[in-house]
Structures are given as structure tokens and as C-alpha cells.
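Student: give the three-dimensional model of this entry:
(2 chains)
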Amino acid sequence: DAGVIQSPRHEVTEMGQEVTLRCKPISGHDYLFWYRQTMMRGLELLIYFNNNVPIDDSGMPEDRFSAKMPNASFSTLKIQPSEPRDSAVYFCASSSEELGLNYGYTFGSGTRLTVV
Amino acid sequence: EDQVTQSPEALRLQEGESSSLNCSYTVSGLRGLFWYRQDPGKGPEFLFTLYSAGEEKEKERLKATLTKKESFLHITAPKPEDSATYLCAVLLGAGGSYIPTFGRGTSLIVHP
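Tutor: Model prediction:
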């Protein structure tokens, strides 16, 4: 398996533009997580899905953020409009377990977003 | 207040110089504590899960231990390839978050 695949790896956009981040989880993993990592706040959970259904989106910072999972092999995280404070590395992770106790979460390589 | 605190923030070691990283947590009802390794430009990679005080787990030069309020990641005779950021995360029991909460990590550099 190629692991969790995220695209793009880097994104530079101007303030106010729409940004869409993409994720392909590991086949067979029922749980998909979106995290954001910054120096100030570390790794924060934004939202997670189980069998394509959003379970907890309490970490989504504002209505400007939205996430979808139209099928088991694809998810998107959209920011509209983007702001400079959204600059961070966004990670997608997947797992066969909700809590990740036995095998942990498998993370992608992340998308580094810069909003100027 | 952070629920998970890692120290030190950064650590530089010479190859072969053993040391420990600390992860302390301020909440009760721990259901599990995780250690992950993160290389530059990559996502975190799962290392261990610890469940109860007194438990230990090992992987190559790494040994993780757990007490009631903290965990240590001991690195014995480290090599340059052990250089990475090490993250811990806690999973709380009933009434707490059911998704792991991560600390900010310890950046480890091992010089040859």
C-alpha cells in the first residue's frame, strides 16, 4: 500500500482565495482524520470521519473551513476564504481503529499551506 | 492550560550519549498514551501505546515507560538516524476527549 496520500504537498495562495486540500486514505481504513500543525499550537484535530460520515468537527476553527468525504477513498478539506493565520501544515491520517490504540494512526506527508 | 507537556523542547546529543525525553499530563483518567516519531517534511509515525502505570515497551534503541503522571522515552546509545521530533499524545477515558491530544514534541538531534 502506498500509505496515506495527500495533495498538493505545498500550496501558496493569496488571502481571500479558496484552497482545497486532498487526501486518499489507506484502503480498508474506516476512520479518516484531518489535523493541523503549527509551531504555536502543535498538532490539532480538526475533524474526523467514520465510514465517510463526519463524527466530530468541533476542532474546525471557523465556518470558513469545511470537509467532505464523498467516498471511502477520498476526502477534501476546503478553506474559503483563506487568511494568513491559516498558514500551517495540514495532515490527513487514517486508521482501522477510532482510538488508534493498537496500531496508531497512519499519517500522510502533509500539505504545507502558506497564505500571503 | 496544556493537557500534555513535553520536555525538553529540543535536545542535542552526541552519538552514543543516552538520554530521556519527558511527557507529562495533567488530567486523570488516562486511557492510553502514545509515542510518535516525526521526521522533517513527513507526518508522525506511530511507535508505542502505553496503557497503565508501570508498563514498558521497547523498539530498537527506544524504551517507553509510564507512571501515573508522566511518560519517559529513553534513548540508549542513539545514532544520527534517531534524529527526529518525538511526539506524545494522551487518550482520556470517560468524560474526556476520545481522540488523542498531542503534545508539541521534543526535537532530537544526534550528532555523529
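Student: which strands or helices does the helix or strand of chain B with the lowest mean pLDDT pack on?
Tutor: Lowest on mean pLDDT, DSSP states H and E among the helices and strands of chain B sits strand B:101-102, with a mean of 88. Helices and strands touching strand B:101-102, by 3 or more Cβ pairs under 8 Å, 6 or more residues apart in numbering or on different chains; DSSP states H and E, are strand A:42-50, strand B:84-92. In this view, the C-beta of every residue, glycine as well, is placed from N, C-alpha and C.
Student: residues from chain A in reach of chain B?
Tutor: Proximity of chain A to chain B, by Cβ under 8 Å from any Cβ of the partner chain, involves residues A:4, A:33, A:42-45, A:48, A:56, A:91, A:93, A:98-110.
Student: ok, of these, which come out buried?
Tutor: Among the residues of chain A next to chain B, those scoring as buried are A:4, A:33, A:42-43, A:45, A:48, A:56, A:91, A:93, A:99-100, A:104-110 (criterion: 16 or more other Cβ atoms under 10 Å in any protein chain shown).
Student: out of these, name the ones that lie in strands.
Tutor: Of the positions in those, A:33, A:42-43, A:45, A:48, A:56, A:91, A:93, A:106-107 sit in strands, assigned by DSSP state E.
Student: from these, which is closest to chain B?
Tutor: Comparing those against chain B with Cβ to the nearest Cβ places A:Phe107 closest, at 2.8 Å.
Student: so what's the closest one up against?
Tutor: A:4, A:35, A:91-93, B:42-45 (Cβ atoms under 8 Å, 6 or more residues apart in numbering or on different chains).
Student: over to B:Asn22?
Tutor: By Cβ under 8 Å, 6+ apart, the residues touching B:Asn22 are B:6-8, B:70-72, B:106.
Student: for the record, mean pLDDT for whichever strand or helix holds B:His74?
Tutor: Here B:His74 sits within strand B:70-75, counting by DSSP states H and E. The pLDDT scores in strand B:70-75 average 97.
Student: near chain A, which residues of chain B are found?
Tutor: So far as Cβ under 8 Å from any Cβ goes, chain B lies against chain A at B:31-32, B:34, B:36, B:41-47, B:49, B:51, B:87, B:89, B:91, B:98-100, B:102-105.
Student: show me how to select, in ChimeraX, the buried members of those.
Tutor: To isolate the buried members of the residues of chain B next to chain A in ChimeraX, using 16+ other Cβ under 10 Å:
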select /B:31,32,34,36,43,44,46,47,49,87,89,91,99,100,102,103,104,105
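Student: most distant residue from the centre of chain A?
Tutor: Here chain A reaches farthest from its C-alpha mean at A:Asn102, the gap being 21.9 Å by Cα atoms, centre = their mean.
Student: look up how far B:Gln14 lies from the residue lying closest to B:Glu15 once chain neighbours are set aside.
Tutor: Using Cβ to Cβ, 6 or more residues apart in numbering or on different chains and skipping residues adjacent in sequence, the residue nearest B:Glu15 is B:Pro112, 5.2 Å away. Distance of B:Pro112 to B:Gln14, given as Cβ to Cβ, to the nearest Å: 8 Å.
Student: quickly list what the residue lying closest to A:Glu44 once chain neighbours are set aside is bridged to.
Tutor: Distances taken as Cβ to Cβ, 6+ apart place A:Arg36 nearest to A:Glu44, at 5.2 Å, with adjacent residues excluded. In this entry, A:Arg36 is beta-bridged to A:Glu44, A:Tyr90, by DSSP bridges.
Student: wait, A:Arg36 sits on A:Tyr90?
Tutor: Yes: if you go by Cβ atoms under 8 Å, A:Arg36 and A:Tyr90 touch, sitting 5.4 Å apart.
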